[in-house]
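Participant: Any chance you can model this:
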Amino acid sequence: MLFSFSQKTTRILVGWILFQFIALLSGVADNLKPVVLQLKWHHQFQFAGYYAAQLQGFYEQEGLELTFLTGENVDTVAAVLSEEADFGIALSDLVLSYKNDKPVVALATVFQHSPLVLLRREDSAAGSVHDMQGSHVMLEKHSEELEAYLSEMGVSVNELTRHPYNQATQSLLSEQVDAISAYITDEPFLLRQQGVPFHMSSPRSVGIDFYGDTLFTSRDYLQAHPDIVEKFRRASLRGWAYALDHPQELITYILQTWPEENSREALEYEAQQIQKLVRNDLVEIGYMNLGRWQHIAQVYADLGISSPNMDLEAFLYTSPRTFPLKKLVLIILSLSLLLCLTLLFVLHQGKQNQIQSDTLERLDRLQQKYSTLLMNMPGLAYRCHNDGGDWVMEYISSGAKELTGYYPEELTGPTGMVFGNLIVSEDAAAVVEEINQATTEKRRFCIQYRILHRNGETRWVWEQGMQVSSEHDEGMLEGFICDISDQKQLESEKEIAFTKLQNLLNEIKILKGIIPICSSCKKIRNHSGAWEQLEAYIRSHTEADFSHGICPDCVKALYPELLNDPLPSTLYEQKDTSHEEESG
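Facilitator: Next up, the predicted model:
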C-alpha cells in the first residue's frame with residue numbers, strides 16, 4: 001500500500017471530492033457557452049454525430065450549448081467567416097478557400113472518403129464516361145473533384161452543357177439532364193426505390209480519393225476562443241463514436257424530431273453508407289493527414305483552379321490535448337491514489353498513439369502506391385463474384401481498357417457488361433471447371449483462354465487468382481489477368497517452323513558406310529546380296545538422279561568418226577530415263 005487512511009479520513013475525503021464534483025457540474029450548467037454549427041443540408045444521418053453529442057450531454061459536459069443552422073446548398077465557409085456560425089462542415093474544397101486567402105482552419109475530417117459520385121440514367125449511358133462530351137449535366141457547388149474525375153477520363157467540363165443545380169434527381173428522371181452529381185448516401189437509394197436503373201461512377205475508381213465532410217472554424221475564432229474550439233471538437237468526435245455504435249437510436253431520434261424530412265429506410269441506407277465513408281474500423285474518427293491534403297491540393301492545381309506548392313501548416317488544426325482547469329482539478333482529486341498507475345497508462349497510451357499515427361501514415365503512402373501500381377501495370381486486377389460463369393465484376397483496374405477495349409465502369413456493377421460474355425464460347429466451360437476445382441481444393445487457379453476484344457480481335461489471356469471470403473463477402477474471386485497473345489503467336493510460329501524442319505530432315509537421305517563395288521563393271525552389291533548398276537543403287541538410296549552422256553576421251557576411243565562432225569553438246573549428255581521406262 002502506498003497510502004493508508006482511517007475510515008473517518010476516507011469518508012471526509014470522499015465527501016469533499018463529491019462536493020467539488022457537484023460544484024463543478026453546477027458551475028458548468030449555469031455558464032454554458034452558446035455555439036452555432038452550420039450544417040450543409042437539412043437534418044439527416046449525415047450529421048448524426050453532432051446530434052448524439054447533444055443528446056448524450058457531451059457538449060454540456062464541456063460547458064457548451066449548441067444551436068444548428070440548416071439549408072440547401074449552403075455556403076458554410078461564408079456563414080462561418082461572416083460570424084453567422086462559429087463552426088461549419090465542408091468538403092475537400094475547403095482547401096481552395098484557404099488558398100484564396102479565406103482564413104479557415106480544418107479541425108477534424110469525419111468522412112475519410114468523399115461521398116460525391118456521378119449518376120447517369122442507364123438509357124443515356126450506353127457509352128462510358130469518356131463519351132460524355134456534349135452531355136447535359138447538373139454539378140452542385142463544391143464538386144470540383146468530379147471535374148477532376150471527368151478530366152482524368154478525357155472529358156473537358158467546357159464541352160458539357162451545365163444546368164443550375166436544382167431538383168437534380170427529378171431532372172435526371174425526367175430526362176432534362178443526362179448526369180448529375182450526387183451523394184452516395186442519398187440519391188442512389190431514391191433511384192432504386194423508384195426502380196430506375198442507373199450507372200454510378202466514383203472518382204476513387206481512377207485514384208482520386210478526396211476527404212469528405214470536414215469540421216472547420218475560422219482562424220479568428222480559433223485565436224479568440226482556443227479552449228471552446230478544443231471542447232467542441234472533442235465533444236463532437238465523442239458524439240460520432242456514439243452515433244456509429246448506436247445508429248438505430250439516432251435514426252429514431254431524427255424521425256421523431258424531424259419526421260417530415262426523412263424515412264426510416266432512407267436513414268438506414270444512409271447510415272450504412274456513412275459507416276463505409278468514416279472507416280472508424282481502420283482510423284481514428286477525425287484523423288487528418290498532411291500528405292493527403294497536399295495531394296488533394298495538387299489535384300486542384302492540376303485542374304488549373306489553384307496554384308501548386310501550397311503551404312498547409314496553418315490550415316490544419318493541432319489539438320493541444322490539454323484538460324480544462326476544472327476537469328484537471330477533479331481528476332487530481334479523484335485519482336490521486338492511482339497517480340502512479342495513471343502515469344504508466346499515459347506513457348503506454350502515448351506510445352500506442354505514436355504507433356497508430358505511424359501506421360496510418362504508412363497506410364496512406366501504401367494506398368497512393370497501390371493506386372499508381374494498378375494504373376500502370378500491364379494487365380488488370382479484379383474482384384468478382386464466383387457465380388459459375390458470368391464473373392460479375394465488383395472491381396476492375398484501369399488496365400481493362402487496353403486488355404478488353406472496355407473501360408472499368410463498363411465492366412463493373414450489376415448494370416455493367418458481364419465479363420463472362422467476353423470469353424470465347426469454346427473456352428468458357430474449361431474456365432468454369434478449373435476455377436470450380438481450384439476453389440474446392442482451396443488453392444490458386446492458373447488458366448489460359450481466349451477473349452473477344454471490343455474491336456473484334458481474339459486475344460489470348462493468362463489469369464491467376466483464388467477465392468477469398470470474409471465476414472461480409474462469400475464466394476468472391478480476386479486475381480490478375482494479362483495479355484499473352486504475342487507469346488501464343490511466337491509458340492505457333494515456332495511449331496510451324498519445327499514442322500517444316502522435320503519435313504526437310506525426312507527428305508534428306510545420307511549414304512554412308514563401306515559399299516561393296518565390282519572393280520570391273522562397277523556394279524554394287526545391295527543389302528540382299530544382289531548386284532545393281534551403280535546408278536540404280538545410288539538412286540534408290542538417295543534423292544539424287546542421273547543424266548547420261550559421253551566424255552570427250554570416250555568419244556576418241558569409241559567413236560573417232562564423230563570427232564570431225566560439229567555435233568551439238570547435247571549429244572554428250574542425256575538424262576537417264578531408263579528407270580522411268582522400267583517403272584512404266
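
Participant: Distance check, residue 457 against residue 487.
Facilitator: 16 Å (Cβ to Cβ, to the nearest Å). Every residue, glycine included, has its C-beta placed from N, CA and C.

Participant: residues touching the residue nearest to residue 197 when sequence neighbours are not counted, list them.
Facilitator: Spatial nearest neighbour of residue 197, excluding adjacent residues (Cβ to Cβ, 6 or more residues apart in numbering): residue 122 at 3.9 Å. Counting by Cβ atoms under 8 Å, 6 or more residues apart in numbering, residue 122 touches 197, 198, 199, 415.

Participant: rewinding a little: who's more crowded, residue 457 and residue 487?
Facilitator: residue 487 (13 against 10; other Cβ atoms under 10 Å).

Participant: Where does the more buried one sit: helix, strand or coil?
Facilitator: When classified by DSSP: H, G, I helix; E, B strand; the rest coil, residue 487 comes out as helix.

Participant: Relative to residue 458, how far out is it?
Facilitator: From residue 487 to residue 458 the distance is 15 Å (Cβ to Cβ).

Participant: who touches stretch 444-458?
Facilitator: 404-406, 422-424, 426-428, 430-431, 434-435, 437-439, 459-466, 479, 484.

Participant: Each with direction, which strands does the longest strand along the chain pair with?
Facilitator: Counting residues, the longest strand in the chain under DSSP state E turns out to be strand 458-468. Strand pairing for strand 458-468, determined by DSSP bridges: strand 445-452 (antiparallel), strand 476-483 (antiparallel).

Participant: Save these as JSON lines, and put in mean pLDDT too.
Facilitator: Formatted as JSON lines, these follow (pLDDT from 0 to 100):
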{"stretch": "strand 445-452", "mean pLDDT": "95"}
{"stretch": "strand 476-483", "mean pLDDT": "93"}
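
Participant: Of those, which is nearest residue 308?
Facilitator: strand 476-483 (34.9 Å; Cβ to Cβ).

Participant: what's the closest non-adjacent residue to residue 443?
Facilitator: Nearest to residue 443 is residue 466, by Cβ to Cβ, 6+ apart, at 7.1 Å.

Participant: shouldn't residue 238 be in contact with residue 59?
Facilitator: No - counting by Cβ atoms under 8 Å, residue 238 sits too far from residue 59 to count as a contact (9.5 Å).

Participant: Could you measure from residue 194 over to residue 253?
Facilitator: Taken as Cβ to Cβ, the span from residue 194 to residue 253 is 27 Å.

Participant: Between those two, tell me which one has more neighbours.
Facilitator: residue 253 (17 against 9).

Participant: So what touches the helix or strand that that one is a member of?
Facilitator: In this assignment (DSSP states H and E), residue 253 forms part of helix 247-257. Helix 247-257 has contacts (Cβ under 8 Å, 6+ apart) with 43-45, 48, 51-52, 55, 243, 262, 264, 267-268, 271, 275.

Participant: Only whichever of those residues are buried, select them in PyMOL.
Facilitator: To isolate the buried members of the contacts of helix 247-257 in PyMOL, using 16 or more other Cβ atoms under 10 Å:
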select buried, resi 43+44+45+48+51+52+55+243+262+267+271
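
Participant: re earlier: can you check which residues contact both of residue 238 and residue 59?
Facilitator: Joint contacts of residue 238 and residue 59 (Cβ under 8 Å, 6+ apart) are residue 53.

Participant: Compare neighbour counts for the two and give me the winner.
Facilitator: Neighbours were counted for residue 238 and for residue 59 using other Cβ under 10 Å; residue 59 has more, 25 against 19.

Participant: need the helices for the stretch 201-350 of the chain, in chain order.
Facilitator: Under the criterion DSSP state H, counting those that start in this stretch, the stretch 201-350 of the chain contains helices at 219-224, 226-245, 247-257, 264-278, 290-303, 325-334, 339-376.

Participant: can you put those helices in JSON lines and add mean pLDDT and distance to residue 177?
Facilitator: Output for these, formatted as JSON lines (pLDDT from 0 to 100; distance: least, Cβ to Cβ, whole Å):
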{"stretch": "helix 219-224", "mean pLDDT": "95", "distance to residue 177": "39"}
{"stretch": "helix 226-245", "mean pLDDT": "96", "distance to residue 177": "34"}
{"stretch": "helix 247-257", "mean pLDDT": "95", "distance to residue 177": "30"}
{"stretch": "helix 264-278", "mean pLDDT": "93", "distance to residue 177": "23"}
{"stretch": "helix 290-303", "mean pLDDT": "88", "distance to residue 177": "22"}
{"stretch": "helix 325-334", "mean pLDDT": "58", "distance to residue 177": "53"}
{"stretch": "helix 339-376", "mean pLDDT": "69", "distance to residue 177": "30"}
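
Participant: looking at these, which is buried most?
Facilitator: helix 226-245 (a mean of 21; mean count of other Cβ atoms under 10 Å).

Participant: domains for this protein, by residue range?
Facilitator: Per automatic domain parsing, the structural domains of the chain span 32-113+212-322, 116-206, 377-489, 524-583.

Participant: What mean pLDDT does the second one get?
Facilitator: Per-residue confidence for domain 116-206 averages out to 86 on the pLDDT scale.

Participant: wait, isn't residue 115 in contact with residue 270?
Facilitator: No - Residue 115 sits out of contact with residue 270 when judged by Cβ under 8 Å, with a separation of 9.7 Å.

Participant: Weed out the non-buried ones from the contacts of stretch 444-458.
Facilitator: By 16+ other Cβ under 10 Å, the contacts of stretch 444-458 give 404-406, 422-423, 427-428, 431, 434-435, 438, 459-463, 465, 479, 484 as buried.

Participant: who does residue 199 bridge with?
Facilitator: residue 120.

Participant: So it is in contact with residue 120, correct?
Facilitator: Yes - using Cβ under 8 Å, residue 199 is in contact with residue 120, at 4.6 Å.

Participant: which of these two has more neighbours?
Facilitator: Here residue 199 and residue 120 are compared on neighbour count by other Cβ under 10 Å; more neighbours surround residue 120, at 24 against 21.

Participant: Go ahead and confirm the more buried one touches residue 197.
Facilitator: No - applying Cβ under 8 Å as the test, residue 120 and residue 197 come out as separate, 10.3 Å apart.

Participant: in the chain, which residue is closest to the centre?
Facilitator: residue 205 (5.2 Å; Cα atoms, centre = their mean).

Participant: so how far is residue 129 from it?
Facilitator: Distance from residue 205 to residue 129, by Cβ to Cβ: 9 Å.

Participant: between those two, what contacts are shared?
Facilitator: residue 409.

Participant: quick one: secondary structure of residue 195?
Facilitator: Residue 195 - assigned by three-state DSSP - is coil.

Participant: Phi first, then psi, for it.
Facilitator: phi 70, psi 30 (degrees, to the nearest 10).

Participant: To what extent is it buried, counted in neighbours?
Facilitator: 6.

Participant: who's in contact with it?
Facilitator: Applying Cβ under 8 Å, 6+ apart, no residues contact residue 195.

Participant: what sits against residue 165?
Facilitator: Residue 165 touches 73, 138, 139, 140, 141, 180, 181, counting by Cβ under 8 Å, 6+ apart.

Participant: Work out for me the element it sits within.
Facilitator: Applying DSSP H and E, one finds residue 165 in no helix or strand.

Participant: Return the backbone torsion pair for it.
Facilitator: Torsion angles, degrees, to the nearest 10, at residue 165: phi -80, psi 100.

Participant: any idea how far it is from residue 383?
Facilitator: Taking Cβ to Cβ, one finds residue 165 at 33 Å from residue 383.

Participant: in the stretch 451-584 of the chain, which spans are strands?
Facilitator: For the stretch 451-584 of the chain, strands defined by DSSP state E, counting those that start in this stretch occupy the ranges 458-468, 476-483, 524-525, 531-532, 547-549, 573-575.
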